[in-house]
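Novice: Give the three-dimensional model of this entry:
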Amino acid sequence: MENNGVRIERSKRLDGIGEYYFSRRLREIAEIEAATGRRIIKLAMGSPDLPPAPCVVETLCETAHRPDVHRYMSYRGEPILRRAFADWYRRWYRVELDPETEVLPLLGSKEGIMHVCMAFLDPGDRVLVPDPGYPTYSAAVRLAGGEIVPYPLDEENDFLPDFCALEQAAAGVKLMFVNYPNMPTGRTPTPELFSRLVDFGRRQNILIVHDNPYSFVRNDSRPFSILEVEGAREVALELNSLSKGHSMAGWRVGVAVGRREWLDAILTFKSNMDTGMFYPVQAAAAEALSLGEAWFDELNAIYREREKAGSKLLDTLGCTYRPHQAGLFIWARLPDAFIGDCYDFSDMVLDRCDVFLTPGGIFGSQGLRYIRITLCYPAEVLEEAAQRIRERLHR
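Specialist: This next block holds a predicted model:
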């Protein structure tokens, strides 16, 4: 029968965006498993498998029984959560924030990336985006009509920005995304790095947006915020999240902190997109933000054991990697003798070993000779993946 439905073209703003890589690739792998019966170990996304602290879950459950918490919540976030974020920044980052004007809770920091782009970019505005970097930066810039100006993070420069190159690329740039501890490279920040970024943004009249969700995971140095730098509030916004360091990825709790007028601009867009976060989630998030060093010590002890297993897996593959990487992943260079790129390498390991490794090229052209593995699986799973590789790849 002929389909007589109306013909509706999708928006041109979706041109060049494509489905999120992990959404597409993991669906393809699930189809392979269903068709063949193979069980594939997917060392892909950084989705924490560990639960939040018990007191956080208890707060959620207890608060949800209250009859007064099921209405719409404030678009700006409830005072309990805004104050908790301000206290958290004071305690861990040595940054004083006004919870009334300088703290804006978000439904995850990924939402914040999109909101920042929609609040500040006009069609054609140029945005500095790290390569390699979180793919959402590029997608959000494109959706807002901006123009991506990639800046390379290469191993020769210790995965730090080349400020000479940034100066040359700065003409007409309105916004710059920065992310340290960095994903995917695991590079940690230094006070000097943040000072140079603030100076660069001030001189070039560029808004620096620092995405900071990994500062509590496998970080050998203390947590840093770009807002610690003198004068940073006039130049920089920071996004943060409870997804990684508090094992609350599915709860969707993040925050934007910084200058009042910039948060007000984000709120103008955000308030037209959602109607606030469920109050029990906010109360539980406030409880999570009050956790002390014992929580992070226990969390990181688990990730350190997984790191050992993941390193052995990469050794078995013949990959090389920098020590002291922060975050939920290990970023590794392909063996020099391998002919092909990261996609070829990932496909080869998948086909022969039933182990899926993330190809570094999804993070940008600078990642074509790299792969990334997640540490969001028990050490036993990483050890099983390494055993498969030993038995099937080197036989």
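Novice: domains in this structure, as residue ranges please.
Specialist: 13-51+294-393, 54-289 (automatic domain parsing).
Novice: Pick the most buried one from the ones you listed.
Specialist: domain 54-289 (a mean of 19; mean count of other CB atoms under 10 Å). C-betas here are computed from N, CA, C, even on glycine.
Novice: Wasn't Val129 part of a strand?
Specialist: Yes: looking at Val129 with DSSP: H, G, I helix; E, B strand; the rest coil, it is inside a strand.
Novice: Can you verify my assumption that Ser221 contacts Thr188?
Specialist: Yes: between Ser221 and Thr188 there is a contact under CB atoms under 8 Å: 5.6 Å.
Novice: pLDDT at Ser109, what is it?
Specialist: We note a pLDDT of 85 for Ser109 in this prediction.
Novice: list the contacts for it?
Specialist: Neighbour list for Ser109: 211, 213, 239-241, 243, 254-256 [criterion: CB atoms under 8 Å, 6 or more residues apart in numbering].
Novice: any idea which of the residues you listed is closest to Phe363?
Specialist: Nearest to Phe363 among the contacts of Ser109: Asp211, at 13.5 Å, using CB to CB.
Novice: who's that closest one bridged to?
Specialist: Beta-bridge pairing for Asp211 (DSSP bridges): Leu239.
Novice: mind checking which helix or strand of the chain has the lowest mean pLDDT?
Specialist: Lowest on mean pLDDT, DSSP states H and E among the helices and strands of the chain sits helix 21-36, with a mean of 83.
Novice: contacting residues around that one?
Specialist: By CB under 8 Å, 6+ apart, helix 21-36 touches 18, 38-40, 42, 44-45, 135, 350, 356, 362.
Novice: pLDDT (mean, whole number) over the longest helix seen in the chain?
Specialist: In the chain, taking DSSP state H as the definition, the longest helix is helix 293-317. Averaging pLDDT along helix 293-317 gives 96.
Novice: Check stretch 117-126 too.
Specialist: In this model, stretch 117-126 has an average pLDDT of 96.
Novice: can you list contacts of that stretch?
Specialist: Here stretch 117-126 has contacts from 127, 140-141, 143-147, 149, 172-175, 207, 262, 265-266, 268-269, using CB under 8 Å, 6+ apart.
Novice: mind checking the end-to-end distance for that stretch?
Specialist: 11 Å (CA to CA, to the nearest Å).
Novice: just stretch 98-108 next, same as before
Specialist: 20 Å.
Novice: How about residues contacting that stretch?
Specialist: By CB under 8 Å, 6+ apart, the surrounding residues in contact with stretch 98-108 are 76-77, 79, 81-83, 85-86, 97, 112, 115, 239, 241, 243, 252-260, 263, 266-267, 270, 274, 277, 282, 285.
Novice: and the gap between Ala326 and Ser195?
Specialist: Using CB to CB, to the nearest Å, one gets 20 Å for the distance from Ala326 to Ser195.
Novice: same question, Gln366
Specialist: Distance of Gln366 to Ser195, given as CB to CB: 24 Å.
Novice: next one: Leu314
Specialist: With CB to CB as the criterion, Leu314 and Ser195 are 34 Å apart.
Novice: Tell me where the stretch 51-200 of the chain has helices.
Specialist: For the stretch 51-200 of the chain, the helices defined by DSSP state H, counting those that start in this stretch occupy 54-64, 79-88, 109-120, 135-143, 163-169, 191-204.
Novice: starting at the chain centroid, how far to the last one?
Specialist: Relative to its parent chain, helix 191-204 has a centroid offset of 22 Å by CA atoms, centre = their mean, to the nearest Å.
Novice: For that helix, give me every contacting residue.
Specialist: With contacts defined as CB under 8 Å, 6+ apart, helix 191-204 is touched by 160-161, 163, 166-167, 170, 173, 176, 178, 180, 206-208, 210, 224, 226, 228-232, 234-236.
Novice: can you check the shortest one too?
Specialist: Counting by CB under 8 Å, 6+ apart, the neighbours of helix 163-169 from elsewhere in the structure are 128, 149, 151-152, 196, 200, 204.
Novice: OK, contacts around the closest residue to Ala283 other than its chain neighbours?
Specialist: Counting by CB to CB, 6 or more residues apart in numbering, Ala283 lies nearest to Thr63, which is 4.5 Å off, once chain neighbours are set aside. Contact analysis of Thr63 by CB under 8 Å, 6+ apart lists 69, 279-280, 283-284.
Novice: State the distance from Thr63 to Tyr279.
Specialist: From Thr63 over to Tyr279 the distance is 7 Å, taken as CB to CB.
Novice: okay, and the common contacts of those two?
Specialist: Counting by CB under 8 Å, 6+ apart, the residues touching both Thr63 and Tyr279 are Val69.
Novice: pLDDT weak spots in the stretch 251-395 of the chain?
Specialist: 394-395 (pLDDT under 70).
Novice: quick one: Gln168 from Val141, how far?
Specialist: Gln168 is 20 Å from Val141, by CB to CB.
Novice: actually Leu121, not the one I typed
Specialist: In terms of CB to CB, Leu121 sits 7 Å off from Val141.
Novice: what touches both of these two?
Specialist: Contacts common to Leu121 and Val141, judged by CB under 8 Å, 6+ apart, are Val127.
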